[in-house]
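> Build me a model:
(2 chains)
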Protein chains: 2
Amino acid sequence: MDSGRRKFIQKAGLGSAAGLIGTSGKLHLNKNPELYKNKAIGQALTEPILSIPELKEPVWIASIELLRRKDNFICRVRSKGGVEGISVSNNMQMVYLYPIFLHRIQPFFIQKDARDLESLLEEVYVYKSNYKLQSLALWVPLATLEFAILDLLGKLTDKSIAMLIGKIHNPKIAVYQANNFRGKSAEESINLIEAQVGETGAKALKFKVGGRMSNDKDFPPGRTEKLIPLIRERFGANMAIYADSNGSYSVKEAIRIGEILQEYKFDFFEEPVPFDWYEETLEVNKSLKIPIAGGEQEPSIHNFKWLIEKDALDIIQPDIFYFGGMIRSMRVSKMAAIKGKDCTPHISGSGLGYLYMLHFVSAIPNAGPFHEFKGLNQEIPFECATSDLSIINGMVSVPTGAGLGVTLDPDFVKAHKKVKG
Amino acid sequence: MDSGRRKFIQKAGLGSAAGLIGTSGKLHLNKNPELYKNKAIGQALTEPILSIPELKEPVWIASIELLRRKDNFICRVRSKGGVEGISVSNNMQMVYLYPIFLHRIQPFFIQKDARDLESLLEEVYVYKSNYKLQSLALWVPLATLEFAILDLLGKLTDKSIAMLIGKIHNPKIAVYQANNFRGKSAEESINLIEAQVGETGAKALKFKVGGRMSNDKDFPPGRTEKLIPLIRERFGANMAIYADSNGSYSVKEAIRIGEILQEYKFDFFEEPVPFDWYEETLEVNKSLKIPIAGGEQEPSIHNFKWLIEKDALDIIQPDIFYFGGMIRSMRVSKMAAIKGKDCTPHISGSGLGYLYMLHFVSAIPNAGPFHEFKGLNQEIPFECATSDLSIINGMVSVPTGAGLGVTLDPDFVKAHKKVKG
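Down below sits the predicted model:
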């Protein structure tokens, strides 16, 4: 990028100039905040997120490698100056998605200035018509790359990922213990849940109701209605308790189950109906007092806008991998904040997802009181100088070192091999 | 499947019994039509599509192979009885998606009864939490398999794919000539479009407006407004002319461009705003007289329901590959028919997509007057005994042989090798 354009961009106060046709004749696709009726929402969707004023010179991305050992995927980015950024992917998904990373994302970012990350994220959505893939199939590979680039930018600025994307609002984070004992009886489930919560001392927990996208069916039948009172009884009135149906219900059944949940003073009801039943989510929310949570499966920032503006959801739960990274998720969190809603990101128990989630949560002012914990991955050897990452009395300290703030065991990284198309 | 359950299913008149917990303890996930407020829509979403009363005995799927030669993908399904069904994939997408086919779809169908195809399509959506991938990343691999299974069922019943999924409403189909000359000036574009239309004698055409998901930007600037009057002038009042913006516009600009299109009596305006801007699509439609078309990028049957029921779209355009096959697309077409809307499926110019589209269109009563033609793939050698597939005066005959109604060159198939995970 020539210095003339860089100057113009800084003047415009955006990651890239809205509407500019570049000297290459290529369209620049940044959104115009004035396209949105609600000015604050327009701002949340378009304002700069990344804070890297320290970086006065381009950070050219010289190489991007996807490395694999068994089913573990690492992304390594190197700047022209030889600095490295590393991420660990959501391996449960990446094992099916690496060709998308290699062919539809990686080539676009090579030789780009990493400081333009925000506008690159907009442009890669249109590159090779990637928008046709809008789903975690596109977003998990993109998040994997974004996390490596953020690690690189963090190392260049001596800032943690959290500091790159926001202010530190939450240096320590309280967790809720998540579990999935569907298929087991209510009696068996309650004992397993209790044992698990005992391990972390979490002051909050989330359990599964319904059968998972099951059209009103329970698994086994009758489990949910038996388990709801059992859980409140076992953990007492002071425990924050969340229920997740994974889209199991029709509107009618969601309202019926929701009424039982609120009778026992549960704290939120997640995905009461299938995730893409937008109007029905709103309908369920209007009919219930218990807060409705959702967003884990939502791939569209525009549909998040709808879900937030219409008050279909009360608790907003983007998954930072499934939704394509920190910057996109931060825009969702900002929209939620405008409407006074908490953001409680979802995270799946794969790779180092939990660590990325900690950075994200520490940087948002509207974090919910408790955040998802599904266990820390023991298969990935790393050192963290600024936090032991153990959960004490249900709390964990967010790493504060540069980038992700952890160092992967170099031998572990070396054992990975470059993935080829 | 034991004969007792089979009997019960036939009695229930559904592909599988709604709500039944099978002897395996597995949940059966078929939807209940009574969950839907509009009874006719509920029917369209749940009633049987496949017509295979001839098949009294199970058709066990013994093997499923994904074969590849360069970037061409073939799916071959063999029944336990040794009958084969074959499909050619949407190769432009499959080249990135084969791990999803191999790991998240193929294993589910092995040893299943192919006659249960409809309920298997519902269940595979939840298998391995595939719903998290809802997008063409899931649907193109699934459509590829569905087309091979339909080819197999067609060979067993001596029915064409069209006859398996409906009645033959359109043995001949009129095409519209599609093109993409974005980036070229209006003057250059009009000459290229005219030359192309001349080759097929099509009585309808579709051209591109806007810049493709470009936030109101044209490419090159000014092209669209210059091209609109030029096209009407060049082709005259009797030509059906469609305009496709590929989600280029904000609401305001879509309405402005739409007003110019209707001034020149264009016949539909496709994807005026980004595909996931549902409320905005509705808003644009309410503000314009020109019919609004869309659906190519829509991966959710529930969102199609919304777009149709709310009259956000007038012309409904599922892509039978991107949307996961004939059966799912047929449900969309049925919903459209209930609301008196035409269905004009999108098809991309890859593999034999055009042939699959012909079968689908021939089987729907609410087919639009003209259907997408982007050229017939010349790289795939096959014979068709019942149609020469050439376009004469803008019309093409749909093959009537068993299954897809074409025979791929056996040497071509043999040159493909099995894809491994």
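
> okay, CA-based contacts and neighbour counts for the rest of this
Will do.

> Go through stretch A:108-125 and flag the buried ones.
Buried residues in stretch A:108-125, counted by 16 or more other C-alpha atoms under 10 Å in any protein chain shown: A:109-110, A:112-121, A:123-125.

> Straight-line length of it, end to end?
10 Å (C-alpha to C-alpha, to the nearest Å).

> just stretch A:120-135 next, same as before
In stretch A:120-135, first residue to last residue: 18 Å (C-alpha to C-alpha).

> Is it positioned near chain B?
Yes - using C-alpha under 8 Å from any C-alpha of the partner chain, we find that stretch A:120-135 touches chain B at A:126, A:132, A:133, A:134, A:135.

> Check whether residue A:252 sits in a helix, strand or coil.
Counting by DSSP: H, G, I helix; E, B strand; the rest coil, the backbone at residue A:252 sits in helix.

> correction: residue A:330
The three-state assignment at residue A:330 reads helix, by three-state DSSP.

> so how many other residues sit close to residue A:201?
By other C-alpha atoms under 10 Å in any protein chain shown, the residues close to residue A:201 number 16.

> Could you pull up phi and psi at residue A:87?
Reported as degrees, to the nearest 10, the phi and psi values for residue A:87 are phi -140, psi 160.

> Not counting sequence-adjacent ones, nearest residue to it?
If the residues on either side of it in the chain are set aside, residue A:87 comes closest to residue A:148, at 4.6 Å by C-alpha to C-alpha, 6 or more residues apart in numbering or on different chains.

> and the helix or strand where the one you found lies, which residues are buried?
For residue A:148, the element it lies in under DSSP states H and E is helix A:136-157. Buried residues in helix A:136-157, counted by 16+ other C-alpha under 10 Å: A:136-157.

> got it, and stretch A:174-184?
Buried, per 16+ other C-alpha under 10 Å, within stretch A:174-184: A:174, A:175, A:176, A:177, A:178, A:179, A:181, A:182, A:183.

> and of the residues you listed, the nearest to chain B?
Closest approach to chain B among these (C-alpha to the nearest C-alpha): residue A:183, at 9.6 Å.

> give the contact list for that closest one.
A:219, A:220 (C-alpha atoms under 8 Å, 6 or more residues apart in numbering or on different chains).

> hang on, it is in a strand, isn't it?
No - Residue A:183 is assigned coil when assessed by three-state DSSP, not a strand.

> distance of it from residue A:210?
Distance from residue A:183 to residue A:210, by C-alpha to C-alpha: 10 Å.

> Equivalent analysis for residue A:60, please.
49 Å.

> Can you pick out the residue with more neighbours from those two?
With neighbours defined as other C-alpha under 10 Å, residue A:60 and residue A:210 compare such that residue A:210 has more, 29 against 20.

> Output the set of residues of the stretch 151-300 of chain A in proximity to chain B.
Looking at chain B, the residues of the stretch 151-300 of chain A close enough under C-alpha under 8 Å from any C-alpha are A:213, A:214, A:215, A:217, A:219, A:250, A:276, A:277, A:297, A:300.

> ok, the third one touching residue A:250?
Just to be clear, that refers to residue A:215. Yes - in this structure residue A:215 lies within contact range of residue A:250 using C-alpha atoms under 8 Å: 6.5 Å.

> which ones are touching the closest residue to chain B within the stretch 251-400 of chain A?
Residue nearest to chain B within the stretch 251-400 of chain A (C-alpha to the nearest C-alpha): residue A:297, separated by 6.0 Å. Going by C-alpha under 8 Å, 6+ apart, residue A:297 touches A:275, A:318, A:319, A:322, B:132.

> Residue A:222 too?
With contact set as C-alpha under 8 Å, 6+ apart, residue A:222 has no partners.

> For it, what are phi and psi?
Dihedral angles (degrees, to the nearest 10) for residue A:222: phi 90, psi -10.

> For the nearest residue to residue A:52 once chain neighbours are set aside, give me the pLDDT.
Nearest in space to residue A:52, with sequence neighbours left out and distances taken as C-alpha to C-alpha, 6+ apart, is residue A:164 at 6.8 Å. Note on residue A:164: pLDDT of 98.

> Repeat that for residue A:302.
pLDDT, residue A:302: 97.

> cool, residue A:11 as well?
Residue A:11 is given a pLDDT of 31.

> With residue A:22 instead?
pLDDT at residue A:22 comes out at 34.

> Likewise for residue A:19?
Predicted confidence (pLDDT) for residue A:19: 37.

> ok, now residue A:105?
For residue A:105, the model assigns a pLDDT of 98.

> Likewise for the one 3 residues further on?
The score at residue A:108 is 98. That number is its pLDDT.

> can you tell me the helix or strand for it?
Counting by DSSP H and E, residue A:108 is found in helix A:106-109.

> Return the distance of that helix from the chain's centre.
Taking C-alpha atoms, centre = their mean, to the nearest Å, the mean C-alpha location of helix A:106-109 is offset from the chain mean by 22 Å.

> What lies in contact with it?
Taking C-alpha under 8 Å, 6+ apart as the rule, helix A:106-109 contacts A:61, A:64, A:120, A:124, A:127, A:145.

> now, which of these sits nearest chain B?
Nearest member of the contacts of helix A:106-109 to chain B, counting by C-alpha to the nearest C-alpha, is residue A:127, at 10.3 Å.

> and the closest one, how far is that from residue A:106?
Per C-alpha to C-alpha, residue A:127 is found 11 Å from residue A:106.

> Let me see the ranges of the strands in the stretch 251-400 of chain A.
A:268-270, A:292-294, A:315-316, A:342-343, A:371-373, A:382-383, A:395-397 (DSSP state E, counting those that start in this stretch).

> want to try JSON lines for those, with mean neighbour count and mean pLDDT as columns?
Shown next, in JSON lines, are the strands of the stretch 251-400 of chain A (neighbours: other C-alpha atoms under 10 Å in any protein chain shown; pLDDT from 0 to 100):
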{"stretch": "strand A:268-270", "mean neighbour count": "27", "mean pLDDT": "98"}
{"stretch": "strand A:292-294", "mean neighbour count": "28", "mean pLDDT": "98"}
{"stretch": "strand A:315-316", "mean neighbour count": "26", "mean pLDDT": "98"}
{"stretch": "strand A:342-343", "mean neighbour count": "26", "mean pLDDT": "98"}
{"stretch": "strand A:371-373", "mean neighbour count": "24", "mean pLDDT": "91"}
{"stretch": "strand A:382-383", "mean neighbour count": "12", "mean pLDDT": "95"}
{"stretch": "strand A:395-397", "mean neighbour count": "19", "mean pLDDT": "95"}
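
> is it possible to export these to CSV including distance to residue A:233?
Output for these, formatted as CSV (distance: least, C-alpha to C-alpha, whole Å):
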stretch, distance to residue A:233
strand A:268-270, 17
strand A:292-294, 22
strand A:315-316, 25
strand A:342-343, 27
strand A:371-373, 22
strand A:382-383, 40
strand A:395-397, 24
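
> can you list the weak-confidence ranges in chain A?
A:1-31 (pLDDT under 70).

> Would you point out which residue is most central in it?
With distances taken as C-alpha atoms, centre = their mean, residue A:320 lies nearest the centre of chain A, 1.6 Å away.

> who touches that one in this structure?
Taking C-alpha under 8 Å, 6+ apart as the test, what residue A:320 contacts is A:143, A:326, A:329, A:345, A:346, A:347, A:356, A:357.

> Around the fourth one, count how many other residues there are.
When neighbours are defined as other C-alpha under 10 Å, residue A:345 has 24 of them.

> nearest spatial neighbour of it, skipping sequence neighbours?
Once flanking residues are discounted, residue A:345 sits nearest to residue A:317: 4.2 Å by C-alpha to C-alpha, 6+ apart.

> so residue A:67 bridges to which residues?
In this structure, residue A:67 bridges to residue A:74, residue A:418 when assessed by DSSP bridges.

> Tabulate the contacts of helix A:106-109 (TSV), appending secondary structure.
Output for the contacts of helix A:106-109, formatted as TSV (three-state DSSP):
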residue	secondary structure
A:61	strand
A:64	strand
A:120	helix
A:124	helix
A:127	helix
A:145	helix
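
> how about these in a markdown table, adding distance to residue A:51?
As requested, the contacts of helix A:106-109 are exported to a markdown table (distance: C-alpha to C-alpha, whole Å):
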| residue | distance to residue A:51 |
| --- | --- |
| A:61 | 18 |
| A:64 | 23 |
| A:120 | 16 |
| A:124 | 21 |
| A:127 | 25 |
| A:145 | 18 |
